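[1] kindly return the folded structure for what I paste below:
(one chain, ligands or ions: 2)
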Amino acid sequence: MKDTDDNQFYSQQDEAQFTTKRLHLTYKGVILDIMSVLDLSCNKLTGEIPEELGLLTQIRVLNLSHNVLTGPIPVKLSNLTNIESLDLSSNHLT
Ligand SMILES: *[C@@H]1O[C@H](CO)[C@@H](O)[C@H](O)[C@H]1NC(C)=O
Ligand SMILES: *[C@@H]1O[C@H](CO)[C@@H](O)[C@H](O)[C@H]1NC(C)=O
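    Ligands and ions are numbered 1, 2, ... in the order given. Just a heads-up that it's a prediction; the model follows:
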């Protein structure tokens, strides 16, 4: 599919800031069409990591760091075949 201004999901003005691979950058334009990011870092999330996150097979960045998550890392996270950056640090995982 050709990327033109007409079929872009995001407009040129839209921008999003997030940290991935420890770089805090502003993203705008066509890159937002392919970036799939879930950043829930620095919250107070408790309990185990839901294995359903393994269903997010298109996701490229998952950051659950700096929470209070416990238990094991779900085996199903191995199904995140497009993942480029996965940060589970600063939790209480076993
Ligand atoms: C995850 O989020 C934390 C807090 O926002 C940030 O410091 C860290 O660099 C992020 N991890 C990665 C791999 O970008
Ligand atoms: C990973 O995804 C594939 C395709 O969606 C599915 O068949 C398989 O059961 C999944 N594996 C796990 C461990 O969830």
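[2] I figured Arg60 hits Asp39, correct?
    No. Applying Cβ atoms under 8 Å, one finds Arg60 not in contact with Asp39, separated by 11.4 Å. From N, CA and C alone the C-beta is placed, and that goes for glycine too.
[3] contacts only, for the residue of the chain found nearest ligand 2.
    Residue of the chain nearest ligand 2, by Cβ to the nearest ligand atom: Asn79 (3.7 Å). Asn79 is in contact with 54-55, 57, counting by Cβ atoms under 8 Å, 6 or more residues apart in numbering.
[4] for PyMOL, write the select line for the buried members of these.
    This is how PyMOL selects the buried members of the contacts of Asn79, with burial counted by 16 or more other Cβ atoms under 10 Å:
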select buried, resi 54
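[5] among the contacts of Asn79, which ones lie close to ligand 2?
    When Cβ under 6 Å from any ligand atom is applied, the members of the contacts of Asn79 adjacent to ligand 2 are Gly54.
[6] list the contacts of Arg25.
    Just so we're on the same page, residue 25 is Leu rather than Arg. Contacts of Leu25 (Cβ under 8 Å, 6+ apart): 17-19.
[7] for the residue of the chain closest to ligand 2, give its distance to ligand 1.
    20 Å (Cβ to the nearest ligand atom, to the nearest Å).
[8] ok, Ala16 next?
    For Ala16, the distance to ligand 1 - Cβ to the nearest ligand atom - is 14 Å.
[9] pretty sure that residue contacts Ile31?
    No. Between Ala16 and Ile31 no contact is recorded; they are 9.3 Å apart, counting by Cβ under 8 Å.
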